[in-house]
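Colleague: just coords:
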């Protein structure tokens, strides 16, 4: 069933290869699932010269739903998905800064609202993804002290909703989504950069998510590559995050706006007294010079950080994803310029850089997380 969740149309031989079973064994299992109404045949596959094979797919309407919860520093998003990762509900997003004492209560209200859309359909699992020092095995987020509801959020949500919940770091979840559904999914060595308010990293090494010894691998934000001396959110100085995140772009643009520089951003800044990362992205896509300058600043720093990763890991692909992927073709030029300056040419030429084409990758990654790790016996 998991095999069919990630590739909807497959022949018996393809499924047998994926689950490492013989074709007769896979056929027997598929027949049992078909008898139970969970799998159906959908026509014949393309001809390869011989007899065209029957293709199978899940009967997702006969299966429960997945509830995916994506949290970042300022927004929370929730959606219901089918087992084949198609959307049963639209993605519902609210502004929800994690520094707000009511952030957890607002999250529970949002989940309750979206959960109600399921109606009579059961929810199989919650895929929960969040920034921070997430220990997926223990189900805790060590970025929060014990007693804070976000520290033990997995158990908190399981207690509130009575649904098995799986927890993962946001950047790791985005990497899982790219591995499952991205255009480079056949690659075994992929680094996925999550450009958001900070800058995270998910690593697919030898085809699997790499977590490191204690589960905290991928803290790209805190590589000490900045010379500015600005204090990072982690309490240290010199972290890449202070120069290579959407918040650093906002800081750069805000300083220039305060000095009276003309920009499309000026209206929002004057009206509200601040601008957001979304403002920067939208203005840059409209060709605003200040916004483009701010994006150039972070892109150059990102390239410098990626050079370090290329020298250490020698990946086949680097994919830039997350909220910053909305910048499209604005980012790659400056990143490549920086890579040329800081990377040994032989290594740089062996790594392909691209922008993610997946919409809502964190939501999709949360659904993947649930499918891959939930207890199927509850079906």
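Modeller: Now that the structure is in, tell me what you want to look at. Note that this is a predicted model, so its numbers are computed, not measured.

Colleague: which residues does residue 336 contact?
Modeller: Residues in contact with residue 336 (C-beta atoms under 8 Å, 6 or more residues apart in numbering) are 303, 353. Yep, even glycine has a C-beta here, placed from its N, CA and C like the rest.

Colleague: name the element it belongs to?
Modeller: Here residue 336, judged by DSSP states H and E, is contained in helix 332-342.

Colleague: chain center to that helix: distance?
Modeller: Offset of helix 332-342 from its chain centre (C-alpha atoms, centre = their mean, to the nearest Å): 24 Å.

Colleague: any buried residues in it, and which?
Modeller: When burial is assessed from 16 or more other C-beta atoms under 10 Å, helix 332-342 yields the following buried residues: 332, 334-336, 338-339, 342.

Colleague: of all the helices and strands in this structure, which has the lowest average confidence?
Modeller: Every helix and strand in the chain was compared by mean pLDDT, DSSP states H and E; the lowest is strand 39-44, with a mean of 80.

Colleague: tell me what the top helix by length along the chain is packed against?
Modeller: If each helix of the chain is counted by residues according to DSSP state H, the longest one is helix 289-313. Other elements packing on helix 289-313 under the criterion 3 or more C-beta pairs under 8 Å, 6 or more residues apart in numbering; DSSP states H and E are strand 190-195, strand 199-205, helix 246-258, helix 277-285, strand 317-321, helix 332-342, helix 345-349.

Colleague: how does it look with 6 Å?
Modeller: Using 3 or more C-beta pairs under 6 Å, 6 or more residues apart in numbering; DSSP states H and E as the contact criterion, the elements in contact with helix 289-313 are helix 246-258, helix 277-285, helix 332-342.

Colleague: other residues contacting the shortest one?
Modeller: The contact list for helix 277-285 (C-beta atoms under 6 Å, 6 or more residues apart in numbering) reads 246, 249-250, 264-265, 268, 291-292, 294-295, 326-327, 330.

Colleague: for these, which one is nearest residue 182?
Modeller: Distance to residue 182, by C-beta to C-beta, is smallest for residue 326 among the contacts of helix 277-285, at 16.2 Å.

Colleague: and the closest one, what does it touch?
Modeller: By C-beta under 6 Å, 6+ apart, the contact set of residue 326 is residue 281.

Colleague: which phi and psi does it have?
Modeller: The phi/psi pair for residue 326 (degrees, to the nearest 10) reads phi -60, psi -20.

Colleague: what pLDDT does it get?
Modeller: Looking at residue 326, its pLDDT stands at 91.

Colleague: could you do residue 183 as well?
Modeller: The pLDDT attached to residue 183 in the predicted structure is 89.

Colleague: for residue 77, see how far away the residue minimising distance to the centre of the chain is.
Modeller: Of all residues in the chain, the one closest to the mean position by C-alpha atoms, centre = their mean is residue 174, 2.1 Å from it. Summarising the geometry, the distance separating residue 174 from residue 77, computed by C-beta to C-beta, to the nearest Å, is 13 Å.

Colleague: now swap in residue 41 and tell me
Modeller: The gap separating residue 41 from residue 77 is 36 Å, by C-beta to C-beta.

Colleague: do the same with residue 359
Modeller: In this structure, residue 359 and residue 77 are 12 Å apart, going by C-beta to C-beta.

Colleague: please say which of these two ends up with more neighbours.
Modeller: Under the criterion of other C-beta atoms under 10 Å, the comparison of residue 359 against residue 77 puts residue 77 first, with 21 against 10.

Colleague: pretty sure the more buried one belongs to a strand, no?
Modeller: Yes. Under DSSP: H, G, I helix; E, B strand; the rest coil, residue 77 falls within a strand.

Colleague: what bridges to it?
Modeller: The partner list for residue 77 in beta bridges (DSSP bridges) reads residue 70, residue 93.

Colleague: thought it was touching residue 93?
Modeller: Yes. Taking C-beta atoms under 6 Å as the definition, residue 77 is a contact partner of residue 93 at 4.3 Å.

Colleague: any chance you could read off phi and psi for residue 84?
Modeller: For residue 84, the backbone dihedrals are phi -90, psi 10 (criterion: degrees, to the nearest 10).

Colleague: so what's it up against?
Modeller: In this structure, residue 84 makes contact with 8, 58, 60, judged by C-beta under 6 Å, 6+ apart.

Colleague: possible to save those residues as a markdown table with secondary structure and neighbour count?
Modeller: A markdown table is the format used below for the contacts of residue 84 (DSSP: H, G, I helix; E, B strand; the rest coil; neighbours: other C-beta atoms under 10 Å):
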| residue | secondary structure | neighbour count |
| --- | --- | --- |
| 8 | coil | 16 |
| 58 | strand | 19 |
| 60 | helix | 19 |
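
Colleague: so residue 305 makes contact with residue 240?
Modeller: Yes. Counting by C-beta under 6 Å, a contact exists between residue 305 and residue 240, whose distance comes to 4.8 Å.

Colleague: mutual contacts of these two, please.
Modeller: With contacts defined as C-beta under 6 Å, 6+ apart, the residues adjacent to both residue 305 and residue 240 are 223, 225.

Colleague: so, low pLDDT: which residues of this structure?
Modeller: Across the chain, the stretches falling below the confidence threshold (pLDDT under 70) are 43-52.

Colleague: recalculate using a threshold of 50.
Modeller: Per-residue confidence for the chain (pLDDT under 50) gives no ranges below the cut-off.

Colleague: domain-wise, how is it divided?
Modeller: Taking automatic domain parsing as the reference, the chain has its domains at 2-62, 65-174+361-378, 185-355.

Colleague: for the shortest one, measure first residue to last.
Modeller: Criterion C-alpha to C-alpha, to the nearest Å; first-to-last residue distance in domain 2-62 is 15 Å.

Colleague: now do stretch 188-199
Modeller: Its first and final residues considered, stretch 188-199 spans 22 Å by C-alpha to C-alpha.

Colleague: any idea how far it is from the middle of the chain?
Modeller: The offset between the C-alpha centroid of stretch 188-199 and the centroid of the whole chain comes to 8 Å, using C-alpha atoms, centre = their mean.
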